[in-house]
Each structure stands twice: as structure tokens, then as C-alpha cells.
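K.L.:
3D, please:
(chains A and B)
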Amino acid sequence: DTEVTQTPKHLVMGMTNKKSLKCEQHMGHRAMYWYKQKAKKPPELMFVYSYEKLSINESVPSRFSPECPNSSLLNLHLHALQPEDSALYLCASSQGPSQFFGPGTRLTVL
Amino acid sequence: QKEVEQNSGPLSVPEGAIASLNCTYSDRGSQSFFWYRQYSGKSPELIMSIYSNGDKEDGRFTAQLNKASQYVSLLIRDSQPSDSATYLCAVNVAGGFKTIFGAGTRLFVKA
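P.N.:
Residues are numbered from 1 along each chain as shown, chains lettered A, B, ... in the order given. Purely as a prediction, here's the structure:
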């Protein structure tokens, strides 16, 4: 298995909802990442997990809560989001410096 | 502030021509350099990585790195309409997990 998978592909949620994004990789990669990408902008790093431990938190608001249950899975829990949080959320994994992205979850916050 | 700069384009080339995409970076300690292709509405796809000065070729793609000039480029030979996409230059901050992305160059290949 040489890919990163993400579910759901699309998500629409209200500002009071709680939802979760899921990411999975079976390449044995040691690092997993969450990025946020707005239209016509580059991906912005949110979180990095290395060996299931949070290594980088790019000062992301607490309404985004990452979780790494095991070396293959990465979740992003969402609560009380704002409309400006609508974006493409990308998961990536890496063993060395090269990062491989999943297809992303298109999130719309109403 | 570590930065990666790209010309946003759009860069328009005719089918069969060579497309040349350029990128500069500010952190002299950077060691790893990448080019990603991103189609509209899709996620970035890694197409080239380069770690040492010089050229690296993979099919129709050639990446060029000049660390002294802090410059990375991507050449696409025999450009095809299917190459029309945004190309993101990315630079890995030395020794860490953080990769800085440029804003991307939009490429249009006209049939």
C-alpha cells in the first residue's frame, strides 16, 4: 500500500457541530502531518506527529485538536469552527524529508 | 522569516515546448528541495526531489539546484496539455519536519 487515505472527502458542518477528519497510511512512515490549504494558496502546516508524539503545533487554535492513536492513523477533531476555517485539509506522511499527501477533505463551515 | 518565492504566473507555453519554473529560498541551511504538481481541486503530488547541486532528471522533468544562489528550478520538456497545473516549490528546513511551500506557479500548456 503506497498511498495516504483520508475520510471523508467532503464535509459540511455548522459552527456548533463536532466532527473528525481521519487519515491513514500503511507505508510505515514515522511522521504524519496536517495541513490547511485555502484556494490559490500553498498548504499551511498545522501539526506534525513523529513516532505518534506531537512534534510541531503551528499555533493552531484549540478548536482544532489532533490525535495520533497509532503509527498508521491520524485524526483531526473539529469543534466550534468558524466559516473562515473552510478549506482543503490535507494529511501527509513521510519517512525521510519527502512528504506524500492524501487526497484531502474539503471542509465547509456554515 | 524563512521564505520560498515563486513567480505566480500564469506561465503559458505551447504544446511540445520546454516549460521553465523557478524558485528561490531564503534559508541557507536548507538541505532538501521538492517540486509538487497540484491540479485544481486535488492534493499536491510529489514529482521531483533534489538534495545536491546540479541537475536531476526523471523522464520529461529535470530539477536543477544551485545552493550558492539559493535557486531551484524545474524544466518540463515536451510539455503536454495534461501538464497544466500549479507547481509548488517546497524546501525542507534543515534537520526538521517543517517544509515551507512557495505560493506556486500556474502553468498552462496550450494545445
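K.L.:
Helix or strand next in line after the worst-scoring helix or strand of chain B on mean pLDDT, which one?
P.N.:
Using mean pLDDT, DSSP states H and E, strand B:99-101 stands out as the lowest-scoring helix or strand of chain B, at a mean of 94. Next along the chain after strand B:99-101, taking DSSP states H and E as the criterion, comes strand B:105-110.
K.L.:
Going by neighbour count, list what's buried in that next one.
P.N.:
B:105-107, B:109 (16 or more other C-beta atoms under 10 Å in any protein chain shown). Glycine gets a C-beta too; all of them are placed from N, C-alpha and C.
K.L.:
what's the pLDDT at B:Asn53?
P.N.:
Predicted confidence (pLDDT) for B:Asn53: 96.
K.L.:
Hmm, I typed the wrong one, I wanted A:Thr2.
P.N.:
67.
K.L.:
Please apply the same query to B:Phe97.
P.N.:
pLDDT, B:Phe97: 86.
K.L.:
ok, what's across the strand from B:Thr86?
P.N.:
With beta bridges defined as DSSP bridges, B:Thr86 has these partners: B:Gln38, B:Arg106.
K.L.:
With A:Gln25 instead?
P.N.:
If you apply DSSP bridges, the partners that A:Gln25 bridges to are A:Val4.
K.L.:
picking that back up, Throw the buried residues of strand B:105-110 into JSON lines and include pLDDT, thanks.
P.N.:
Listed next are these as JSON lines, based on pLDDT from 0 to 100:
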{"residue": "B:Thr105", "pLDDT": "97"}
{"residue": "B:Arg106", "pLDDT": "97"}
{"residue": "B:Leu107", "pLDDT": "97"}
{"residue": "B:Val109", "pLDDT": "98"}
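K.L.:
Can you tell me which of these is nearest chain A?
P.N.:
Nearest to chain A, judged by C-beta to the nearest C-beta, of the buried residues of strand B:105-110 is B:Arg106 at 8.8 Å.
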